[in-house]
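Asker: just the structure for this:
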Amino acid sequence: MTKADLTKRPEQVSAMFDQVAAGYDRSNNVLSVGNAALWRVATTRAVNPRPGERILDLAAGTGTSSASLAASGAHVTAADFSPGMIEVGKRRQARVPNIDFVVADGMDLPFEDDSFDAVTISFGLRNIVDPKVALAELYRVTAPGGRIVVCEFSRPVKPLRGAYYWYLKNVMPAVAKAVSSNDAAYDYLFESIANWPDQKSLAAWLRETGFVDVGYRDLSAGIVALHRGTKPLPGNK
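Answerer: Numbers count the residues shown, from 1 in each chain. Reported below is the predicted structural model:
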């Protein structure tokens with residue numbers, strides 16, 4: 001079974017996600033103790049999709065998040081660099097006409113400048129070898145006045161932090177072995193979360209990229225953070 005490491009070589013990470021694609025959503029629900037669905041609802045509300053809008057859902061996986069966005073009537077492009085995830089998504093969301101699935105590299109998006117009214121990425125920025133390049137690409141394809149929402153694992157509040165990292169290191173691997181087709185992938189999950197920057201650092205990255213009105217709020221006591229920003233209109237930078 002393929003396990004990625006913190007070098008995050010694209011072909012290695014992609015192969016890892018290809019192997020877990022079929023059981024990915026079920027594993028996430030179990031390992032997050034049901035919180036994955038709540039985080040998805042919060043992300044959809046933060047994006048605030050509207051009928052007719054063009055939305056990019058990067059690192060869309062099997063399209064579960066894309067379907068939630070598409071329920072508004074927006075047209076959603078579900079992009080992921082794992083062909084296995086995209087194939088599973090196409091099958092599972094076949095009845096949702098306003099989702100297009102695209103295999104895409106987050107550091108070199110195959111879309112025109114200013115293409116989307118909103119862009120979002122959930123639990124995927126952490127898996128990209130250079131997340132700042134990915135943020136620059138997301139900025140490029142966002143229309144002026146458009147918005148970005150990033151949902152990502154983050155730094156829990158101190159009273160919870162020790163117990164949370166203990167769970168990730170000691171309990172989650174055992175659970176993953178029982179429910180996942182590639183339990184080694186969840187060793188990488190722990191490593192990538194433990195080495196990911198905190199909320200303020202990611203907010204700073206968004207500002208450095210050019211987004212304005214940047215803010216974030218914690219979900220589940222900071223286990224996850226929801227970041228938001230806006231691409232300024234010309235002359236308003």
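
Asker: can you list the strands that the strand or helix carrying residue 151 pairs with?
Answerer: Taking DSSP states H and E as the definition, residue 151 sits inside strand 142-153. If you go by DSSP bridges, strand 142-153 pairs up with strand 116-122 (parallel), strand 224-230 (antiparallel).

Asker: who touches the first one?
Answerer: The set of residues external to strand 116-122 that reach it, using Cβ atoms under 8 Å, 6 or more residues apart in numbering, is 39-40, 43, 47-50, 53-59, 65, 69, 74, 77, 106, 134, 138, 141-143, 146-152. No exception for glycine: its C-beta is placed from N, CA and C like everyone else's.

Asker: mind giving me the PyMOL select for the residues you listed, buried ones only?
Answerer: Here is the PyMOL command that selects the buried residues among these (16 or more other Cβ atoms under 10 Å):
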select buried, resi 39+40+43+47+49+53+54+55+56+57+58+59+65+69+74+77+106+134+138+141+142+143+146+147+148+149+150+151+152
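
Asker: my guess is residue 193 contacts residue 126, does it?
Answerer: Yes - with contact defined as Cβ atoms under 8 Å, residue 193 reaches residue 126; the gap is 7.3 Å.

Asker: between the two, what contacts are shared?
Answerer: residue 153.

Asker: which helix runs longest in the chain?
Answerer: helix 35-47 (DSSP state H).

Asker: could you check the angle strand 142-153 makes with that helix?
Answerer: 160 degrees (axes from the mean of the first three to the mean of the last three Cα atoms, to 10 degrees).

Asker: model confidence over helix 35-47, on average?
Answerer: The average pLDDT for helix 35-47 rounds to 93.

Asker: need the strands for the chain, in chain order.
Answerer: Listed in chain order, the strands of the chain (DSSP state E) span residues 54-58, 75-80, 99-103, 116-122, 142-153, 212-219, 224-230.

Asker: using JSON lines, please lay out the ones you listed together with distance to residue 206.
Answerer: Shown next, in JSON lines, are the strands of the chain (distance: least, Cβ to Cβ, whole Å):
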{"stretch": "strand 54-58", "distance to residue 206": "14"}
{"stretch": "strand 75-80", "distance to residue 206": "19"}
{"stretch": "strand 99-103", "distance to residue 206": "24"}
{"stretch": "strand 116-122", "distance to residue 206": "12"}
{"stretch": "strand 142-153", "distance to residue 206": "7"}
{"stretch": "strand 212-219", "distance to residue 206": "5"}
{"stretch": "strand 224-230", "distance to residue 206": "5"}
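
Asker: can I get those in CSV with distance to residue 92 and mean pLDDT?
Answerer: Shown next, in CSV, are the strands of the chain (distance: least, Cβ to Cβ, whole Å; pLDDT from 0 to 100):
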stretch, distance to residue 92, mean pLDDT
strand 54-58, 14, 98
strand 75-80, 11, 97
strand 99-103, 10, 97
strand 116-122, 16, 97
strand 142-153, 20, 97
strand 212-219, 25, 98
strand 224-230, 23, 97
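
Asker: nearest to residue 188, of those?
Answerer: Closest approach to residue 188 among those (Cβ to Cβ): strand 142-153, 12.6 Å.

Asker: now the closest one - C-alpha only, PDB.
Answerer: What follows is strand 142-153, C-alpha atoms only, in PDB (Å, rounded to 0.1, in the frame of the first residue of the first chain):
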ATOM      1  CA  THR A 142     -11.000  33.900  -8.600                       C
ATOM      2  CA  ALA A 143     -13.000  36.800 -10.200                       C
ATOM      3  CA  PRO A 144     -12.400  40.200  -8.700                       C
ATOM      4  CA  GLY A 145     -14.800  40.500  -5.800                       C
ATOM      5  CA  GLY A 146     -15.000  36.700  -5.500                       C
ATOM      6  CA  ARG A 147     -14.300  34.800  -2.300                       C
ATOM      7  CA  ILE A 148     -12.200  32.000  -1.000                       C
ATOM      8  CA  VAL A 149     -12.900  29.500   1.800                       C
ATOM      9  CA  VAL A 150     -10.300  27.200   3.100                       C
ATOM     10  CA  CYS A 151     -11.300  24.400   5.500                       C
ATOM     11  CA  GLU A 152      -8.300  22.700   7.000                       C
ATOM     12  CA  PHE A 153      -7.000  20.900  10.100                       C
END
